[in-house]
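> A structural model of the following input is requested.
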Amino acid sequence: MATPKDLLWPCDPHTRAKHELLRRYLDAWFPIMMQSSRSWDRVTYAEGFAGPGIYKTGEPGSPVLALEAFLRQRRFLDSGKKVNVTLVEGDAARLERLKQEVDAITARYGGQPQTMAIDFHEGKCATTFLPALAKAGPMTTPILAFLDSWGGPDIPLDIARAIAAAPSSEVLVTFGTRFLLRFGKAEDHQAAGDKAFGGTAWRKVMELPSHQKKAFLVSTYRDSLKAAGFPFVLSFEMLDEGGRDLHLVYGTTSHKGLEKMKEAVWKVDPVKGVRYRDPRDPNQTTLDFTPTADTRPLRQAILAELGQGERTLEQLKELALLETVYRPPHVTPIVRKLLSDGIVERHPKGGQLSGDKIIRLAKPSEPAIDKLF
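Numbers count the residues shown, from 1 in each chain. Next up is the predicted model:
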């Protein structure tokens, strides 16, 4: 595993999966932002742990991937809007290597466009990131921040709170639980945890049984992002072949942004050695984000929701979007199967299965109810 003293390190399966997701999402985010009819004159892409821009095995780093996503769609840079790219790195040698890699990728695409500004800043994310963003201009236009840390509690929630105040802004955060679970009782690490979560609620993890700790930390961090100003939050866990876990947490102020991120997640090409889990799935089912993915966790979530009362199909699709790793299109086939099995019923009966159709659990007296779980 890489340590902060390394200049370059191998690209592991977790990183390849993260980068594939980032690339997919930027391919959608960039045209939407640049073609928006809203009045902003620029958008900002920023990284708090930019790294050297390349891996020991030759793969490009995330800043280079992001720049390539923008330059590959260069026509959008002629829309009248500008793109600010703000890159923060704590190690001077890595920062110099990053500048070389950035020069190489911009040269490959005909040079840096006049409508693109690329700023490099040496320093720790916790203390340098927000001043670097402010230096690029007033934080009154959209920001997409990729905060891919080493896995410790080193991203103060104040960063997310400041970004959430900018319109149509988003954060993609690497969130590790192992550090806090191992060292969370130490006083200095508790202070860092308090800054990352924006309070002390996370400390309850020390009182919980082992099997509940990870889910609690992820849930509490999701709540922290929502409290910071991101009403829409998506999180999922990546597992490598050795069982090592890493969580990605995405927060946005835009319902459409969440839809686009979900689309990107489900378009990611399978990465050898990496599988996924929804941290809120009580059975912790491992998934591949493919058309044949296991949808049993979503089925259980739908049944649990209907156990609280009847819902429209549209409400069940919103449940999938907001509360699971699945997408709204996954809902209809599940509901159709539940209907055919007699586990649920629609009201009124008959007609098309439209978004406003009421879905409810079938009466317990019906024989098919034994198929419920």
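
> Using PDB, list the CA coordinates for the lowest-mean-pLDDT helix or strand in the chain.
Ranked by mean pLDDT, DSSP states H and E, the helix or strand of the chain with the weakest confidence is helix 178-183, at a mean of 73. Output of helix 178-183 as PDB, limited to C-alpha atoms (Å, rounded to 0.1, in the frame of the first residue of the first chain):
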ATOM      1  CA  ARG A 178     -10.700   1.500   9.500                       C
ATOM      2  CA  PHE A 179      -8.600   4.400  10.800                       C
ATOM      3  CA  LEU A 180     -11.300   5.600  13.200                       C
ATOM      4  CA  LEU A 181     -12.200   2.100  14.200                       C
ATOM      5  CA  ARG A 182      -8.500   1.400  15.100                       C
ATOM      6  CA  PHE A 183      -7.500   4.700  16.500                       C
END
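
> And that helix, what's buried?
Residues of helix 178-183 classed as buried by neighbour count (16 or more other CB atoms under 10 Å): 179-180. C-beta here means a position set from N, CA and C on the backbone, and glycine is covered the same way.

> Ok, stretch 342-360 next?
Buried residues in stretch 342-360, counted by 16+ other CB under 10 Å: 343-346, 357, 359.

> Which of those residues sits closest to Phe129?
Among those, Ile359 lies closest to Phe129 (CB to CB), at 45.0 Å.

> Where does the closest one sit, in terms of helix or strand?
strand 358-361 (DSSP states H and E).

> Given that strand, what are its sheet partners and their directions?
Each strand that pairs with strand 358-361, with its direction, by DSSP bridges: strand 311-312 (antiparallel), strand 344-347 (antiparallel).

> hmm, who's touching stretch 162-171?
With contacts defined as CB atoms under 8 Å, 6 or more residues apart in numbering, stretch 162-171 is touched by 29, 33, 36, 38, 40, 130, 133, 139-147, 159-160, 225, 228-230, 250-254, 257.

> Repeat the analysis, applying 7 Å as the threshold.
With contact meaning CB atoms under 7 Å, 6 or more residues apart in numbering, stretch 162-171 is reached by 130, 139-145, 147, 160, 228-230, 250-254, 257.

> same thing with stretch 221-241?
So stretch 221-241 is contacted by 13-14, 17, 157, 160-161, 164-165, 171, 175, 197-198, 218, 245-255, 257-258, 261-262, 273-279, 286, 322, 325 (CB under 7 Å, 6+ apart).

> now those: which count as buried?
Among the contacts of stretch 221-241, the ones that count as buried by 16+ other CB under 10 Å are 13-14, 17, 157, 160-161, 164, 171, 175, 197-198, 218, 245-254, 257-258, 261-262, 274-279, 325.

> residues contacting Ala93?
Contacts of Ala93 (CB under 7 Å, 6+ apart): Leu7.

> Adding distance to Ala126 and pLDDT, write the buried residues of stretch 342-360 out as TSV.
Supplementary listing: the buried residues of stretch 342-360 in TSV, determined by distance: CB to CB, whole Å; pLDDT from 0 to 100:
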residue	distance to Ala126	pLDDT
Ile343	50	95
Val344	49	93
Glu345	54	91
Arg346	52	88
Lys357	50	77
Ile359	47	91
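
> Would you convert these into CSV that also reports distance to Thr292?
Formatted as CSV, the buried residues of stretch 342-360 follow (distance: CB to CB, whole Å):
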residue, distance to Thr292
Ile343, 22
Val344, 24
Glu345, 28
Arg346, 27
Lys357, 27
Ile359, 25
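
> Now stretch 327-344: buried residues?
327-328, 330-331, 334-335, 338-339, 343-344.

> Find the pair from the residues you listed with maximum spatial separation.
Farthest pair in those (CB to CB) is Arg327 and Ile343. Separation: 21.9 Å.

> can you pull out the strands in the stretch 101-250 of the chain?
116-122, 143-147, 170-175, 232-240, 245-252 (DSSP state E, counting those that start in this stretch).

> neighbouring contacts of the helix or strand encompassing Leu319?
Using DSSP H and E, Leu319 sits within helix 313-323. If you take CB under 7 Å, 6+ apart as the criterion, helix 313-323 is touched by 232, 258-259, 262, 298, 301-302, 305, 326-328, 330-331, 335, 353-357, 359.

> In which helix or strand does Phe19 reside?
Not Phe; residue 19 is His. Counting by DSSP H and E, His19 is found in helix 13-35.

> Which secondary structure elements does that helix sit against?
For helix 13-35, the elements it packs on are helix 62-72, strand 232-240, helix 255-267, strand 274-277, judged by 3 or more CB pairs under 7 Å, 6 or more residues apart in numbering; DSSP states H and E.

> Could you dump these into CSV and include distance to Asp294?
Formatted as CSV, these follow (distance: least, CB to CB, whole Å):
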stretch, distance to Asp294
helix 62-72, 29
strand 232-240, 14
helix 255-267, 13
strand 274-277, 11
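
> Let's have those in TSV, adding distance to Lys81 and mean pLDDT.
Shown next, in TSV, are the helices and strands packed on helix 13-35 (distance: least, CB to CB, whole Å; pLDDT from 0 to 100):
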stretch	distance to Lys81	mean pLDDT
helix 62-72	12	97
strand 232-240	24	88
helix 255-267	17	93
strand 274-277	34	85
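
> which two of the buried residues of stretch 342-360 lie the greatest distance from each other?
Pairwise distances across the buried residues of stretch 342-360 (CB to CB) peak at 15.7 Å, for the pair Ile343 and Lys357.

> What are the contacting residues of the least confident helix or strand of the chain?
151-153, 189, 193, 213, 217.
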